[in-house]
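Visitor: quick one, what's the 3D model for this:
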Amino acid sequence: MLPDIARAARTITIDAPRVALALLDRDRARLAVVGPFATLDAADAWQPTAHRQPPADRLLLPMHAPDSPY
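Guide: Okay, the predicted model is just below:
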């Protein structure tokens, strides 16, 4: 069920010059943000080195300049 929700929640386009990837490891209470990536697909394809850890929840985030009107 979760993979279906993740596919449905993935935005087709993000209107931003760069994209960041947030990783949430609920089991170890860790949050990491990686990027910036030039495209949504590049951010979505990035994979951390697992070191036998459980998979992390992933969230793609638009990145805008501080003076952006968004």
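Visitor: for this protein, which element, helix or strand, carries the lowest mean pLDDT?
Guide: helix 2-9 (a mean of 52; mean pLDDT, DSSP states H and E).
Visitor: name the residues of the helix or strand containing Val33 that are buried.
Guide: For Val33, the host element (DSSP states H and E) is strand 30-37. For strand 30-37, the neighbour count (16 or more other CB atoms under 10 Å) marks 35, 37 as buried. The C-beta positions use only the backbone N, C-alpha and C, and glycine is treated the same way.
Visitor: also stretch 37-52?
Guide: Buried-residue list, stretch 37-52, by 16+ other CB under 10 Å: 37, 40, 43.
Visitor: in a markdown table: the residues you listed, plus distance to Pro55 and pLDDT.
Guide: Shown next, in a markdown table, are the buried residues of stretch 37-52 (distance: CB to CB, whole Å; pLDDT from 0 to 100):
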| residue | distance to Pro55 | pLDDT |
| --- | --- | --- |
| Phe37 | 19 | 93 |
| Leu40 | 20 | 85 |
| Ala43 | 16 | 88 |
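Visitor: Ala29: which of these is nearest?
Guide: Ala43 (23.1 Å; CB to CB).
Visitor: A helix includes the closest one, no?
Guide: Yes: Ala43 forms part of a helix when assessed by DSSP: H, G, I helix; E, B strand; the rest coil.
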